[in-house]
Every structure is written in C-alpha cells, then in structure tokens.
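1. for reference, the sequence and a predicted model appear below.
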Amino acid sequence: MKVTPYEHSSETKKKQVEQMFDNISGNYDFLNRSLSFGIDVLWRKKMMRELKGIEINKLLDIATGTADVAIAARKLKPGSIIGVDISEGMLAVGRVKVAKKGLNELIQLQRGDSENLPFEDNSFDAITVAFGVRNFEHLSKGLDEMQRVLKPGGKVVILEFSRPRIFPIRQLYDFYFRYFCPWWGKVVSKDNAAYRYLYESVSAFPEGDQFLSIAEKSGFKQLNAQRVTFGIVSLYTGIK
C-alpha cells in the first residue's frame, strides 16, 4: 500500500513529499526536537559512530533536510560533504545553519532526487540517510542509486523509524504517533497532513529483515539492523 501525505491529491508521492516539507520547513527543527524530546540528537550521534574510524574523502547525505546529519558528520573529518534533498524549503533552512557554523567550504547542499542522483558511479566513501527512505516513492530504486554512487567497500548508514514490539512501549508509541504528533504538528506547522503522514508512513514501511532483504537485492553486503530506543528507530548499515 502506497502512503502519501495528501490523500486527495493527484500528484505523485514524490511531489507531495516535496510540497509537505516545503510547507513545514520553517518549523521542522522545532517540531523534531519537541516531538523527540531531543533524543534525535543522540540518534544522529549513533549514526556517526557507525562511520568512525573510516577514511572518508566524500560523504553524501541523502534527504538531508535542514542539514542536521550533514553538520554532525563534520566530526568525522571528511574532505567534503554533499547533502541532497527534493525540498528547496528545507535546503534554504539548512544553508542558513551551515553558514552560521562557518561550514560553507565543507558542506554543499543541493536539490536532488534520491531516485536519480546527479552523481557519477563510485563517487562517495560513505552515505547517510536519516528518516528519509520511507519517503522514497520507489524504495528499491532509491537503494539502487545509493549502491551505484557508493565506492566499492563504502558504507551506508540509514536511520529510520520503526515500530516497538514491547508492551507497553508499543501501545504508548501508537497513541503518541497516531494522535499527539498530528495534533502538535498541526498546531505548530498549520499543515494538517504532515504528521498524520508520519504515523501512516512508519506503519507501512518494511522495517527490519524486510528492509534488509530489499537492500540485499540492491547489492549491499554485510547488512545489519539495530533497534534503538526500545525499537522506536532502527539503524541499518551495509557495505558495497
């Protein structure tokens, strides 16, 4: 079942996702921090630990949004970081953050489609994606593109929401994501659909072993899934 942000729209999922993030871009960082109680910062640090000790000349951050992961990746001391996203609204916020931190020479943000990346084969030593893969219109195509632009031996690190399995965490999670997040998202961003879509897209996403199976078909090896914070998110890693 394909889940889209605006159920009555005739636009493609990709176009709807772009519109949704453009709509909420100004409030996205505040919503992220408030809805996750700041734990999203720790999740990104965990992503960076997966890449620690790897020599990275070029790093690609897909679905970079407001550039939080790209900015966090500076601690890995890569030669350069490129962040791509389909939402110009999110990128505009990200560019301001990058400039304020004096990282313009290290981090380049550009509009790009995750399913048709504007880069040559074997271009990057590492790829990161945080909370972006469930928004791909065609998941397999997005993973194929990651595999194509990653250098042989390069590593991909993907952070994505998943569904807790433990009582009562699962029940609390379902209530929080299904009812509170859409209400708070509507109050802050004025977009009625964005945080309803969050719950629905997480529920429909092929998490865990299902996701690893799809990634394996795209050519990734040494795949691993790690459930984090009671299974609220999962951290996926793989090697080309």
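-> Received the coordinates, thanks. Numbering: from 1, shown residues only.
2. what's the distance between Arg170 and Val41?
-> Distance check for Arg170 against Val41: by Cβ to Cβ, to the nearest Å, it reads 24 Å. C-betas here are computed from N, CA, C, even on glycine.
3. of those two, who's got more company?
-> For Arg170 and Val41, the more surrounded residue by other Cβ atoms under 10 Å is Arg170, and the numbers stand at 15 against 12.
4. alpha carbons only: can I get the lengthiest strand in the chain in PDB?
-> In the chain, taking DSSP state E as the definition, the longest strand is strand 150-161. Written as PDB, here are the backbone C-alpha positions of strand 150-161 (Å, rounded to 0.1, in the frame of the first residue of the first chain):
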ATOM      1  CA  LEU A 150      28.900   4.500  -3.400                       C
ATOM      2  CA  LYS A 151      32.500   3.300  -3.900                       C
ATOM      3  CA  PRO A 152      33.300  -0.400  -3.600                       C
ATOM      4  CA  GLY A 153      33.900  -1.000   0.100                       C
ATOM      5  CA  GLY A 154      32.000   2.100   1.000                       C
ATOM      6  CA  LYS A 155      29.500   2.100   3.900                       C
ATOM      7  CA  VAL A 156      25.800   3.200   4.000                       C
ATOM      8  CA  VAL A 157      24.200   4.200   7.300                       C
ATOM      9  CA  ILE A 158      20.400   4.600   7.400                       C
ATOM     10  CA  LEU A 159      18.300   5.700  10.300                       C
ATOM     11  CA  GLU A 160      14.600   5.200  10.100                       C
ATOM     12  CA  PHE A 161      11.500   5.000  12.300                       C
END
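5. renumber starting at 488 from here on
-> Understood, numbering begins at 488; the last thing we discussed is strand 637-648.
6. buried residues in whichever helix or strand comes after it?
-> On the C-terminal side of strand 637-648, the nearest following helix or strand under DSSP states H and E is helix 656-662. The neighbour-count check on helix 656-662 (16 or more other Cβ atoms under 10 Å) flags Tyr660 as buried.
7. tell me the mean pLDDT for helix 656-662?
-> Averaging pLDDT along helix 656-662 gives 88.
8. and the longest strand of the chain, average pLDDT?
-> Over the span of strand 637-648, the pLDDT mean works out to 97.
9. partner strands of it, with direction?
-> The pairing partners recorded for strand 637-648 under DSSP bridges are strand 611-617 (parallel), strand 720-726 (antiparallel).
10. list the buried residues for that strand?
-> In strand 637-648, residues buried by neighbour count (16+ other Cβ under 10 Å) are 637-638, 641-648.
11. ok, now stretch 491-506?
-> Judged by neighbour count (16+ other Cβ under 10 Å), stretch 491-506 contains these buried residues: 491-493, 500-506.
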